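Enquirer: Give me a model of this one.
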Amino acid sequence: MAMSSILIGLAVLGYGVTVGVSLLALRKGASGGRPRMDNLHWLACAIFFSSLVVIRAFDLEERVRATLRSFAQDENLYADRFAWQAPLAAIAALLGIILVWLAVRSFPGKGSPPRLAVWISRQAVLLFIPLFAMRIISLHAVDSLLYSGPVRLNWLLEAGLTLTALLAAAMYVRGLGKPRFRDRE
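Expert: Next comes the predicted model:
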């Protein structure tokens, strides 16, 4: 079995576990009288990671990239791809910076562990957007950064974001069983 197949399997497993723990957080939040927005967040998290299972299992990201590459070749845009990839990559990077800025501005502080768990997982999910955008845009300089070396930055970012969302959901589930965690809202 190739290393990439093992990594794809691990990614799908990680996404699946995150779906399960997000659904558990949804159930605990709903039965524990948490705000409706918490429950909607955990549902959205479960849907998002379910989508990642499908995307990874059926290699949809690579298919989109190949389709865009074929389109660029058919339209004679491929040779000059830097002219349109660079602005798109800059927009994706700017989106990432804006998301980080919004995250910092919306930080809930120390007052509410449940709100903090929701906030942490929301940031992890949102940061997937510029990561996927950069991978699909496939600018050579960015690809070199994401995909080079024995331990690829791409793998670390994706695993880190997934693990962050998973641990935040677990923190939410575990914490709702503790009276102090529930009452600090």
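
Enquirer: packing partners for the helix ranked longest in the chain?
Expert: Scanning the chain for the helix with the most residues, using DSSP state H, yields helix 3-31. Counting contacts by 3 or more C-beta pairs under 8 Å, 6 or more residues apart in numbering; DSSP states H and E, helix 3-31 is packed against helix 36-57, helix 113-137, helix 153-176. Quick note: C-beta positions are derived from backbone N, CA and C, even for glycine.

Enquirer: Turn these into TSV, including mean pLDDT.
Expert: Listed next are these as TSV, based on pLDDT from 0 to 100:
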stretch	mean pLDDT
helix 36-57	97
helix 113-137	94
helix 153-176	95
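
Enquirer: among these, which is nearest Arg69?
Expert: Nearest to Arg69, of all the helices and strands packed on helix 3-31, is helix 113-137, at 10.4 Å by C-beta to C-beta.

Enquirer: Against which helices or strands is the closest one packed?
Expert: helix 3-31, helix 36-57, helix 60-74, helix 81-105, helix 140-147, helix 153-176, helix 179-183.

Enquirer: List the buried residues in that helix.
Expert: Using 16 or more other C-beta atoms under 10 Å as the test for burial, helix 113-137 gives 113-128, 130-135, 137.

Enquirer: how far does it sit from the chain's center?
Expert: Mean-position distance between helix 113-137 and its chain equals 5 Å (C-alpha atoms, centre = their mean, to the nearest Å).

Enquirer: With stretch 77-88 instead?
Expert: Here the centre of mass of C-alpha atoms in stretch 77-88, compared against the chain's by C-alpha atoms, centre = their mean, lies 26 Å away.

Enquirer: May I see the buried residues of it?
Expert: Of all the residues in stretch 77-88, those buried under the rule 16+ other C-beta under 10 Å are Arg81, Gln85, Leu88.

Enquirer: Adding pLDDT, write these out as CSV.
Expert: Shown next, in CSV, are those (pLDDT from 0 to 100):
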residue, pLDDT
Arg81, 90
Gln85, 94
Leu88, 94
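
Enquirer: And the residues you listed, which is closest to Ser50?
Expert: Leu88 (27.1 Å).

Enquirer: and that closest one, what does it touch?
Expert: By C-beta atoms under 8 Å, 6 or more residues apart in numbering, Leu88 lies in contact with Ala133, Ile137, Leu139.

Enquirer: Please apply the same query to Leu157.
Expert: For Leu157, the contacting residues are Leu131, Leu146, by C-beta under 8 Å, 6+ apart.

Enquirer: Distance check, it against Trp119.
Expert: 19 Å (C-beta to C-beta, to the nearest Å).

Enquirer: Secondary structure element holding the residue lying farthest from the centre of the chain?
Expert: Within the chain, the residue lying farthest from the chain centre (C-alpha atoms, centre = their mean) is Asn76, at 33.1 Å. Using DSSP states H and E, Asn76 sits in no helix or strand.
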